[in-house]
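Asker: how would this look folded up:
(one chain, ligands or ions: 2)
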Amino acid sequence: MNIEVKAAPVAADALLEPPVIARVGVIGAGQMGNGIAHVCAVAGLPAVMLDAKPEAMEKAVATINRNLDRQVSKGLLSAEDKAAALARISTSSDYAAFGDCDIVIEAATEREEVKKIIFGQLVPHLKPSALIASNTSSISITRLAAVTDRPEKFIGMHFMNPVPVMKLVEIIRGIATDEPTFQAVMTLAQRLGKTTAVAEDFPAFIVNRILVPMINEAVYALYEGVGHVNSIDSAMKLGANHPMGPLELADFIGLDTCLSIMQVLHDGLADSKYRPCPLLVKYVEAGWLGRKTGRGFYDYTQTPPRPTR
Ligand SMILES: CC(=O)CC(=O)SCCNC(=O)CCNC(=O)[C@H](O)C(C)(C)COP(=O)(O)OP(=O)(O)OC[C@H]1O[C@@H](n2cnc3c(N)ncnc32)[C@H](O)[C@@H]1OP(=O)(O)O
Ligand SMILES: NC(=O)C1=CN([C@@H]2O[C@H](COP(=O)(O)OP(=O)(O)OC[C@H]3O[C@@H](n4cnc5c(N)ncnc54)[C@H](OP(=O)(O)O)[C@@H]3O)[C@@H](O)[C@H]2O)C=CC1
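Answerer: Residues are numbered from 1 along each chain as shown. Ligands and ions are numbered 1, 2, ... in the order given. Predicted coordinates:
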C-alpha cells in the first residue's frame, strides 16, 4: 500500500529573511532601560534612550558608567571596551531619534495605559521595517501590539534584573507576531550574550507567574505576623538558597512593579490565589516602592539597610 506523506505546510512568513538589527532604541531610562542600553552598547550596538524626564536619562547614563566600571574591576571588560560602549549610548527626549532604529525596546513603567500612549507616540517616527519589543513583566503582548500599526513586528522581550548580570531573556510572541520578527529577536538576544526561554502570551509569562506570587506570599507572611522582614528573608536565603530574600527582591524589583504584576495575574486569570497582599498595596500607596525610592521593606538610608517591620 502506498501512503502519501505530505510535507507540513510552511507559513509564508517563515520563508522571509529576518531583519538585521544594527541600531536599538530604548524607551524608559529606569533600572531596566539603562540595563538594556548597557548590554546593547557592550555588544557593539548603538543605543538611544528616551525617558519622560531629562534627569532620568542623566541618572541612567551615570548608572551605566558605574555598572561598566564594576565589570572592568571584575576583569569582564577592558577600559577601552568600556569607553567604546559608553560612546555608543545616546539620549533624546524626541521620538524622532528612533527614526533610524531597527528595533525599539519599550521599558517604561508597568502600566498598560502608559505603554499604549508611548506606542501611539512612537509609531509615526519608525521606519516601516522597524520592530517593536516590550520588556513588560506581565501585560499581554497581543493587546499592546494591537495599538500599533505593525502587530506582526511586535514581540515581548523580557529581560531580567539586573540586566548586565542575569542570563535569561523571555521571548513572547503575540498572536500576530511573524516568524522573521521572532528570529531577529532570538538572534539579538544571543548577540547580547543571553539565553532565551520562549513563553506563551499568558499573564506574567513564565518567570513572573511563578516568582511574583512567591513574593506576594512572603508579604502575606509578614502581614499575618508569621515572621519579621529579617526572618522571612533569612529563611529563604539560607533555607532555599535564594540569592536574595523575597522581600529584599521585592524592594529590588520595585513594589509598584510587583503590585502591577499581581494585578495583571488577578485580573487575567480571575483566580483569588493571585489577590495582591493588602500590605503590598499599602506600601505602594505610601510611595514606599523599594530601593528606587529609598524605602520599602527595608530603609535604604541606613547602612546596612534596616528592616521597616
Ligand atoms: C520582575 C521581572 O519582571 C523579572 C525579574 O527581573 S525578577 C528578578 C530577577 N533577579 C533576581 O532574582 C536577582 C536575585 N539576586 C541575585 O542574583 C544577586 O543578588 C545579584 C546578581 C543581583 C547581585 O549579586 P552580587 O554580585 O553577589 O552582589 P553585589 O556585587 O553586592 O551587587 C549588588 C548590587 O549590584 C547590582 N549589580 C551587581 N552587578 C551588576 C552589574 N554588572 N550591572 C548592574 N547591576 C549590578 C545589584 O543590583 C546591587 O545594586 P547596588 O549597587 O545598589 O548595591
Ligand atoms: N524592575 C524589574 O525587576 C523588572 C522590570 N521589568 C519591566 O520593565 C519595565 C520598566 O521597569 P523598571 O525599569 O523597573 O521601572 P522604573 O520605574 O525603574 O523605570 C521606568 C521608567 O520609565 C519612565 N516612564 C514612565 N512613563 C514614561 C513615558 N510616557 N515615556 C518615557 N518614559 C516613561 C519612568 O519615568 P518616571 O519615573 O518619571 O515615571 C521611569 O524612568 C516595566 O514594564 C517592568 O515591568 C522587567 C523585568 C524586571
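
Asker: quick check: closest non-adjacent residue to the most centrally placed residue in the chain.
Answerer: Geometric centre of the chain, nearest residue: Asn135, 3.9 Å, by CA atoms, centre = their mean. Computed as CB to CB, 6 or more residues apart in numbering, the closest residue to Asn135 that is not its neighbour in sequence is Ala107, at 4.1 Å. To be clear about C-beta, it is placed using only N, CA and C from the backbone, and glycine gets the same treatment.

Asker: try Phe182
Answerer: Arg173 (5.8 Å).

Asker: pull the contacting residues for the one you found.
Answerer: Shown in contact with Arg173 (CB atoms under 8 Å, 6 or more residues apart in numbering): Ile141, Ile155, Gly156, Phe182, Val198, Glu200, Asp201.

Asker: go through the residues you listed and name the one nearest Leu265.
Answerer: Nearest to Leu265, judged by CB to CB, of those is Asp201 at 13.8 Å.

Asker: inside helices: which ones of the contacts of Arg173?
Answerer: The helices, defined by DSSP state H, take in Ile141, Phe182 from the contacts of Arg173.

Asker: quick one: average pLDDT of the helix or strand containing Ala250?
Answerer: Using DSSP states H and E, Ala250 falls within helix 246-253. Helix 246-253 carries an average pLDDT of 98.

Asker: do the same with stretch 56-69
Answerer: Summarised as a single mean, pLDDT over stretch 56-69 is 98.

Asker: could you confirm whether it reaches ligand 1?
Answerer: Yes. Applying CB under 6 Å from any ligand atom, one finds that stretch 56-69 is in contact with ligand 1 at Asn67.

Asker: name the residues that touch that stretch?
Answerer: The contact list for stretch 56-69 (CB under 8 Å, 6+ apart) reads 29-31, 33-35, 37-38, 41-42, 49-51, 77, 82, 85-86, 89, 91, 93, 162, 164.

Asker: next up, the contacts around the closest residue to ligand 2 within the stretch 201-309 of the chain.
Answerer: When distances are taken as CB to the nearest ligand atom, the stretch 201-309 of the chain reaches nearest to ligand 2 at Ile253, 3.7 Å away. Residues near Ile253 by CB under 8 Å, 6+ apart: Asn161, Ile215, Gly290.

Asker: quick one, helices of the protein?
Answerer: 31-42, 54-73, 79-87, 112-122, 141-145, 179-191, 207-223, 229-240, 246-253, 255-269, 278-285.

Asker: nearest to ligand 2: which residue in the chain?
Answerer: Distance from ligand 2 to each residue of the chain (CB to the nearest ligand atom) is smallest for Gly30, at 1.8 Å.

Asker: next, count neighbours for that residue.
Answerer: Other residues near Gly30 come to 18 when the count uses other CB atoms under 10 Å.

Asker: residues touching it, list them.
Answerer: Gly30 neighbours (CB under 8 Å, 6+ apart): Asp51, Ala56, Ala60, Ala107, Ala108, Thr109, Lys292.

Asker: quick one: which of these has the most company?
Answerer: Neighbour counts for the contacts of Gly30 (other CB under 10 Å) peak at Ala107, which has 28 neighbours.

Asker: mind checking pLDDT for that one?
Answerer: Looking at Ala107, its pLDDT is 98.

Asker: and it, what does it touch?
Answerer: If a contact means CB under 8 Å, 6+ apart, then Ala107 has Val26, Ile27, Gly28, Gly30, Met32, Gly33, Ile36, Asn135, Phe159 as its contacts.

Asker: from what I can see the second one touches Ile105, true?
Answerer: Translated: Ile27. Yes. Ile27 lies in contact with Ile105 (CB atoms under 8 Å); the separation is 7.3 Å.

Asker: show me where pLDDT drops low in the chain?
Answerer: Along the chain, the parts satisfying pLDDT under 70 run over 1-10, 12, 14-15.

Asker: and it, which residues reach ligand 1?
Answerer: 67, 70-71, 137, 160-162, 164-166, 207-208, 211, 243-244, 249, 253, 257.

Asker: out of the helices of the chain, nearest to Pro305?
Answerer: With distances scored as CB to CB, the stretch of the helices of the chain nearest to Pro305 is helix 246-253 (8.2 Å).

Asker: who wins on neighbours among the contacts of Ile253?
Answerer: Greatest neighbour count in the contacts of Ile253, by other CB under 10 Å, goes to Gly290: 25 neighbours.

Asker: count of residues packed around Leu122?
Answerer: If you count neighbours by other CB under 10 Å, Leu122 ends up with 20.

Asker: let me fix that, I meant to ask about Thr301.
Answerer: When counting by other CB under 10 Å, one arrives at 9 neighbours for Thr301.
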